[in-house]
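[1] Could you look at this predicted model? Sequence included:
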Amino acid sequence: MSKNVLVLCTGNSCRSQIAEGYLKAFSPEGTTIYSAGVETHGVNPKAIETMQKDGVDISQNTSNNVNEYENIDFDYIITVCDNAKERCPYFPSNATRFHKNFPDPAKAVGTESEVKQDFDRVRDLVKLYCKEFVSAYL
């Protein structure tokens, strides 16, 4: 049976994009994965780069506002930051909601190398979460 999954974060630029990439890679056929933000900031180039290093291409992803999906009946909604959880609009659905607050790699400071390490670290946390989510629910 096909499932609709929505991943939400603040700007739909990093964490939700990474999660969308992994959920698409790990989910069974027939699962539709969406990601959105309560705002749209564009897909972060460093998120694209860190995913390419792990063999997942999110370069064609778009940054979407959650309001674009108000007519979709989601089975699962995953918020990946506290801000999105607090600001998530009400969806008139029976979606099961999950929340995992991941650090925002876009806020990383330091040398270019340190920032990339932070993106890689968050990517690996999101990857593990997505694998476990797919195994448990999809």
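    Nice, I can see it.
[2] In the protein, which residue is most central in space?
    S16 (1.9 Å; CA atoms, centre = their mean).
[3] Let me see the contact set for T62.
    V43 (CB atoms under 8 Å, 6 or more residues apart in numbering). All C-beta atoms are positioned from the backbone trio N, CA, C, and that covers glycine.
[4] where does it land in three-state SS?
    coil (DSSP: H, G, I helix; E, B strand; the rest coil).
[5] so for whichever helix in the chain runs longest, what's the average pLDDT?
    Looking across the chain with DSSP state H, the single longest helix is helix 112-137. Helix 112-137 shows an average pLDDT of 97 in the prediction.
[6] now for it, which elements pack on it?
    helix 15-26, helix 45-53 (3 or more CB pairs under 8 Å, 6 or more residues apart in numbering; DSSP states H and E).
[7] Show me what counts as buried in that helix.
    115-116, 118-120, 122-123, 125-127, 129-130, 133-134 (16 or more other CB atoms under 10 Å).
[8] And for stretch 94-101?
    Buried, per 16+ other CB under 10 Å, within stretch 94-101: 95, 98, 100.
[9] Out of these, the closest to V80 would be?
    K100 (6.0 Å; CB to CB).
[10] Nearest residue to K127 in space, please, no chain neighbours.
    Leaving aside its chain neighbours, K127 sits nearest to Y22 (5.2 Å; criterion: CB to CB, 6 or more residues apart in numbering).
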